[in-house]
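J.: quick check, what structure comes out for this input:
(2 chains)
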Number of protein chains: 2
Amino acid sequence: MTNTVGIVKEKDFTFGKNEDDALILDSGKRLLDVNLRYETYGTLNKSRNNAILIQHALTGSAHVAGYHSENDRKPGWWNDMVGPGKAFDTDKYFIVCSNCIGGCSGSTGPRSVNPETGKRYNLSFPVITIADMVRAQYRLMKHLNIPKWLTVAGGSMGGMLVLQWVLDYPDKIDNVIAIATSPKHSPQAIAFNWVGRESIMNDPRWDNGNYEDEFPENGLATARMLAHITYLSEKSMDIKFGRKLRKLKNYAYNFSHNFEVESYLEYQGQTFVERFDANSYLYITRAMDYFDVTADFDGDLNKAFENIKTKFLVVSFSSDWLYPPTESRKIVKALRSSNVDVTYCNIDSHYGHDAFLLEAGTLGKLITGFLDANYLT
Amino acid sequence: MTNTVGIVKEKDFTFGKNEDDALILDSGKRLLDVNLRYETYGTLNKSRNNAILIQHALTGSAHVAGYHSENDRKPGWWNDMVGPGKAFDTDKYFIVCSNCIGGCSGSTGPRSVNPETGKRYNLSFPVITIADMVRAQYRLMKHLNIPKWLTVAGGSMGGMLVLQWVLDYPDKIDNVIAIATSPKHSPQAIAFNWVGRESIMNDPRWDNGNYEDEFPENGLATARMLAHITYLSEKSMDIKFGRKLRKLKNYAYNFSHNFEVESYLEYQGQTFVERFDANSYLYITRAMDYFDVTADFDGDLNKAFENIKTKFLVVSFSSDWLYPPTESRKIVKALRSSNVDVTYCNIDSHYGHDAFLLEAGTLGKLITGFLDANYLT
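T.: This next block holds a predicted model:
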């Protein structure tokens, strides 16, 4: 456990005990008794100006770095990037990450108990948006008594949360890092999410969201397998699998996995259902579909960023076809038209969208440089 | 019905009444009582040298052109391309198209009755390959007493059948047209097919392939929706749907279709299950996965085409990401290394893979020119 933040503890922040304190959502509905599961690493300095908020992606959690126990086999999801001497250097910065509302890793979501009925929300949980997730995080910020984030950073859906923070709380952020993301979900991305949700909702064990003893694991696994294809690139699949057969000399002439890539997908699906909830998958993908920076600005990205002063680091990956470099360039172009100080890098990588988790070397150096340049101790 | 072949009739050719006449498959198994449903348009000339075999794609049928009755609302699937004065000019050529074995549009497939048991094959139907489909077509060729095809032409899976014909019966073909296809299924394409099949096989109504009263329409619809995304391009989806809402002013904050693209996919899924069989979908996608021109040539495409003399027209579409232009270029490069006379065109189109059905104007002219240049009356 050298070079890591070591054993870390999950923390909880609950708010919305009464109507005055409720979380008001974009849909007009409101949530009471909202819990945010979060973790922190490093120490908040006396000036309280070294706090960085890290945003997780669709299936991530608050557990960015370190281990939950001595026996924990896997560290947090961005352990390569967060720790002493790493890009998000816990010797210098105070790192915060919270599980998004709608999630299933400690924060209030569709599987939580509705305080008004004493039963799980399931599909009575209100449909939430990326802005709702940010609004909840703002409450955590106040709770932690952080006057301003030094940085808000994240990739994929995490990058959407970054952009939403800039729009909604521009004076509460010094600078941001938006990685492998998009100013709005494209129809292709919406379409893939639709098929994933169909697959879950068609699983009879899903039971209109009210599953208890039997989990809709077939549907959720299929949704995950589909999504996983969009996280890789054609080239990375060629390199990793090609047409290699799995423990076979010839085709088996059947429908079980013959190819390595099929076996890999099956494994991805199976392990995913052990750690993720089907209803959360519905809610979070829907929030991503609804995400559109330009929604309140007549579809005009320039207008959306017109009054922004926040410094940006924007990073894309050459082979990412889910949120391709063209999407990042749209963000960069709009920011530059508003004279925002923006650093942009398109990292050459064949890892596809997953590169934001895998290209820790190059990405780490970029982030280190950007943070160093912007953190005045 | 001007400029069409008019009312056409489906024909059937059955073979394999006994063991000696059975269709021997790549798997080592054999099929008895094989029916091929086919259609023909135009007239075979006295020299019998104006016959063109057209190959359909994954979900196509023998019904390429014309109408089955006066009340038929939709013509055959490539009606724009086949007819009097059209690219495949029925005033000049004798056009043949047969439904592939494994299919569900008249030819023997998993839903056919096994003559040895008197019951449907369902999953006891042997897993077939593209070469098996071609082998069955060769029997039809002999039945029709056609000594040599002037041309074998097809797009997508149809293009795979074209390549297989060239490998297996090179002296039975004058020239070929391979459109929007690939010399072997990529791991990404295999992965998408895997997810589609998972979706069918997870549908409880699929019942291990033995559905009778209840059809696994949810699973099949989901598989189709997924596949349909791969037939479009990001740009065509942007142009066609963007983020437009379907009969809504604002998000509905629910999981039913909010976006136009979602409603479109739903419609595609629903109409597909009315015309296609779930088991056939399993078998044909598996045949495509197994397709690899280089399988018997140590993975070397040059070797595969080493002794080929057949003239080629190869066509790809710029925005096709299922069988991208790079795949067509591999074919062209290998053919040129064997000094094959090959015409190649990458048509600039934003329609994605579907362009082979939609770009009838440009594609038609190319084909007309290629056929004119090669047909010596």
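
J.: ok, which stretches of the stretch 51-200 of chain A are helices?
T.: A:130-143, A:157-168, A:187-201 (DSSP state H, counting those that start in this stretch).

J.: between the ones you listed, which one is closest to chain B.
T.: Of all the helices of the stretch 51-200 of chain A, the one in closest proximity to chain B, counting by Cβ to the nearest Cβ, is helix A:187-201 (4.1 Å). (C-beta placed from N, C-alpha, C; glycine too.)

J.: may I have that closest one as PDB, with CA atoms only?
T.: Taking Å, rounded to 0.1, in the frame of the first residue of the first chain, the C-alpha atoms of helix A:187-201 are listed here in PDB:
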ATOM      1  CA  PRO A 187     -28.600  10.900 -30.200                       C
ATOM      2  CA  GLN A 188     -26.300   7.900 -30.700                       C
ATOM      3  CA  ALA A 189     -25.400   7.900 -27.000                       C
ATOM      4  CA  ILE A 190     -29.100   8.400 -26.100                       C
ATOM      5  CA  ALA A 191     -29.900   5.400 -28.400                       C
ATOM      6  CA  PHE A 192     -27.400   3.100 -26.700                       C
ATOM      7  CA  ASN A 193     -28.700   4.100 -23.300                       C
ATOM      8  CA  TRP A 194     -32.300   3.400 -24.500                       C
ATOM      9  CA  VAL A 195     -31.300  -0.100 -25.600                       C
ATOM     10  CA  GLY A 196     -29.500  -0.800 -22.300                       C
ATOM     11  CA  ARG A 197     -32.600   0.300 -20.300                       C
ATOM     12  CA  GLU A 198     -34.900  -1.800 -22.600                       C
ATOM     13  CA  SER A 199     -32.800  -4.800 -21.800                       C
ATOM     14  CA  ILE A 200     -33.200  -4.200 -18.000                       C
ATOM     15  CA  MET A 201     -36.900  -3.400 -18.100                       C
END
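
J.: please identify the buried residues of the next helix-or-strand element following it?
T.: Sequence order places helix A:217-231 as the next helix or strand after helix A:187-201, per DSSP states H and E. Residues A:217-231 are the ones in helix A:217-231 that count as buried (16 or more other Cβ atoms under 10 Å in any protein chain shown).

J.: repeat that for stretch A:16-34.
T.: For stretch A:16-34, by 16+ other Cβ under 10 Å, it's A:16, A:22-23, A:25-27, A:31-34.

J.: of these, which are in range of chain B?
T.: A:Ser27 (Cβ under 8 Å from any Cβ of the partner chain).

J.: and the buried residues of stretch A:16-34, which of them are in strands?
T.: Counting by DSSP state E, the part of those found in strands is A:23, A:31, A:34.

J.: can you tell me the closest non-neighbouring residue to the residue nearest to the spatial centre of chain A?
T.: The centre of chain A sits closest to A:Ala57, judged by Cα atoms, centre = their mean, with a distance of 1.5 Å. If the residues on either side of it in the chain are set aside, A:Ala57 comes closest to A:Ser156, at 3.9 Å by Cβ to Cβ, 6 or more residues apart in numbering or on different chains.

J.: measure how buried that neighbour is and give me the count.
T.: 26 (other Cβ atoms under 10 Å in any protein chain shown).

J.: just A:Gly159 next, same as before
T.: 30.

J.: same question, A:Leu357
T.: By other Cβ under 10 Å, neighbour count at A:Leu357 equals 20.

J.: A strand includes it, no?
T.: No: remark: A:Leu357 does not belong to a strand; assigned using DSSP: H, G, I helix; E, B strand; the rest coil, it is helix.

J.: roughly how far does it sit from A:Val314?
T.: Look at A:Leu357 and A:Val314: by Cβ to Cβ, to the nearest Å, they are 17 Å apart.

J.: ok so, going back, farthest-apart pair in the buried residues of stretch A:16-34, please.
T.: A:Asp26 and A:Asp33 (19.2 Å; Cβ to Cβ).

J.: give me the domain ranges for chain A.
T.: A:11-184+A:291-374, A:189-285 (automatic domain parsing).

J.: for the stretch 101-250 of chain A, what lies in contact range of chain B?
T.: Looking at chain B, the residues of the stretch 101-250 of chain A close enough under Cβ under 8 Å from any Cβ are A:123, A:126-127, A:184-188, A:190-192, A:194-195, A:197-199, A:201-204, A:218-219, A:221-222, A:225-226, A:229, A:232, A:234, A:237-238, A:240-243.

J.: buried among those residues? Need that as a selection in PyMOL.
T.: Restricted to buried positions by 16+ other Cβ under 10 Å, the PyMOL selection for these reads:
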select buried, chain A and resi 123+126+127+184+185+186+187+188+190+191+192+194+195+197+198+199+201+202+203+218+219+221+222+225+226+229+232+234+237+238+240+241+243
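
J.: find the nearest non-adjacent residue to A:Ile239, please.
T.: A:His350 (6.8 Å).

J.: ok, that neighbour touching A:Met237?
T.: No: when contacts are counted by Cβ atoms under 8 Å, A:His350 is not listed as touching A:Met237 (9.6 Å).

J.: for A:Asp213, what are phi and psi?
T.: Phi and psi for A:Asp213, reported as degrees, to the nearest 10, are phi -90, psi -40.

J.: report how many residues lie close to it.
T.: The burial count assigned to A:Asp213 is 5, neighbours taken as other Cβ under 10 Å.

J.: now swap in A:Thr151 and tell me
T.: Neighbours of A:Thr151 (other Cβ under 10 Å): 26.

J.: is it bridged to anything, and to what?
T.: With DSSP bridges applied, A:Thr151 shows beta-bridge pairing to A:Ile52, A:Asn175.

J.: count of neighbours near the nearest residue to A:Asp21 once chain neighbours are set aside?
T.: Counting by Cβ to Cβ, 6+ apart, A:Phe15 is the residue found nearest to A:Asp21 once chain neighbours are left out, at 5.8 Å. Counted with other Cβ under 10 Å, the neighbours of A:Phe15 add up to 18.
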